[in-house]
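K.L.:
Give me a 3D structure for the following:
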Amino acid sequence: MNEPLISLITVNYNTPEVTAAFLHSLSLLTYPNYEVIVVDNKSPEHSSAYLKNEFPFITHISSPVNLGFAGGNNIGLHFAKGEYVFFVNNDTEVTPGLLTVLVNYLKEHPDAGIACPKIKYYYMPDTIQYAGAIGLHPLTSRSYDIGYLQKDNGKFNDTRITDLPNGAAMMISAEHIREVGWMSEMFFLYYEELDWAARFKKAGHPVHYVGTAEIFHKESVSTGKNSPFKTFYLYRNRFLYIRRNYSGARWLIAASFFVLVSSPVHMLKHALKKEWGHVASIRKALLWNFTNPSHKEPLPNGKTIISEVIFD
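P.N.:
Below you'll find the predicted structure:
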């Protein structure tokens, strides 16, 4: 078999039925040489361990600790054997040529870091979520997804270097991962792929958008839409990203705007709607950053608990 092995890694947290739908969709793939690693991130109620019975081809790993998106994927990465690794959300469903197009693109562009397909909404299959991204604004530290909520009329069937990846679907060569290192587990959820992309770009491996491949995304199944939980990690990690990746005047401007303008304004908006959980989450996010000055990785993490994981 000439096609390189691709390791698909997906993380389950309390949504095994969603993971099962993703695994069913893999039967559509035309690419012949891949392995599938499912990591259960210590689901409190609904582990995905039983899926091994229905899908015996998967490698199922149960983590003793919930390590978030980055940590869960890092556990899977430790056991991946592929020449290429496809990190994919469990709330996605694939299309037939997805792997073939992405791996061929990376073979043709060996310096590419992260390659992301076109991402469309599963429940609005003619509507785009991601077709590349415009990088973080120097003032607000917010990004803009190209093609967002636009109808897929073929306009974005191109390939190009783009500023940022989308963590729902990312293919990377194992060689480049060994060079750059694993995802930072400080983020737990949100912004970890953007921090990772900054490291890839610093190493000379840009992010690429591959619009000739596509995947469907159900989005926010695990975290819930507009939940205080989601708000906390978005605000905590936006500031953490600024702290880790900005310096000099850019750091001062972005940090000042986030602390003195953006956070208070959004707290006021939530307060006017009596959304007190979101107000508390933003306040907690600011407090976390002010009381955690170190950028070192917290323990336990994916590397330290490998000996404790369970193969189901």
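
K.L.:
which SS class is the closest residue to residue 149 other than its chain neighbours?
P.N.:
Using CB to CB, 6 or more residues apart in numbering and skipping residues adjacent in sequence, the residue nearest residue 149 is residue 127, 6.1 Å away. Where C-beta positions appear, they are placed from N, C-alpha and C, glycine not excepted. Put simply, residue 127 is strand when judged by DSSP: H, G, I helix; E, B strand; the rest coil.

K.L.:
Could you list the alpha-carbon positions for stretch 139-146 in PDB?
P.N.:
C-alpha atoms of stretch 139-146 as PDB (Å, rounded to 0.1, in the frame of the first residue of the first chain):
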ATOM      1  CA  LEU A 139      -6.600  45.700  19.200                       C
ATOM      2  CA  THR A 140      -9.400  43.200  19.900                       C
ATOM      3  CA  SER A 141      -7.500  39.900  19.500                       C
ATOM      4  CA  ARG A 142     -10.500  38.600  17.600                       C
ATOM      5  CA  SER A 143     -10.300  36.700  14.300                       C
ATOM      6  CA  TYR A 144     -12.700  36.600  11.400                       C
ATOM      7  CA  ASP A 145     -13.600  33.400   9.600                       C
ATOM      8  CA  ILE A 146     -13.600  33.900   5.800                       C
END
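
K.L.:
got the contact list for it?
P.N.:
Stretch 139-146 is contacted from outside by 129-137, 156, 162-164, 166, 194, 209, 238, 241-242, 253-254, 257-258, 262, using CB atoms under 8 Å, 6 or more residues apart in numbering.

K.L.:
With stretch 232-239 instead?
P.N.:
Contacts of stretch 232-239 (CB under 8 Å, 6+ apart): 141-142, 187-192, 255, 258-259, 263, 266, 281-282, 284-286, 288-289.

K.L.:
all helices for the protein, in order.
P.N.:
16-25, 51-54, 68-79, 98-108, 174-180, 192-202, 228-245, 248-257, 263-272, 276-291 (DSSP state H).

K.L.:
Let me have those in JSON lines, extended by distance to residue 215, mean neighbour count and mean pLDDT.
P.N.:
What follows is those, written out as JSON lines (distance: least, CB to CB, whole Å; neighbours: other CB atoms under 10 Å; pLDDT from 0 to 100):
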{"stretch": "helix 16-25", "distance to residue 215": "9", "mean neighbour count": "19", "mean pLDDT": "98"}
{"stretch": "helix 51-54", "distance to residue 215": "20", "mean neighbour count": "14", "mean pLDDT": "96"}
{"stretch": "helix 68-79", "distance to residue 215": "16", "mean neighbour count": "24", "mean pLDDT": "94"}
{"stretch": "helix 98-108", "distance to residue 215": "6", "mean neighbour count": "20", "mean pLDDT": "98"}
{"stretch": "helix 174-180", "distance to residue 215": "20", "mean neighbour count": "16", "mean pLDDT": "96"}
{"stretch": "helix 192-202", "distance to residue 215": "15", "mean neighbour count": "21", "mean pLDDT": "96"}
{"stretch": "helix 228-245", "distance to residue 215": "21", "mean neighbour count": "21", "mean pLDDT": "93"}
{"stretch": "helix 248-257", "distance to residue 215": "31", "mean neighbour count": "14", "mean pLDDT": "94"}
{"stretch": "helix 263-272", "distance to residue 215": "31", "mean neighbour count": "14", "mean pLDDT": "96"}
{"stretch": "helix 276-291", "distance to residue 215": "30", "mean neighbour count": "16", "mean pLDDT": "96"}
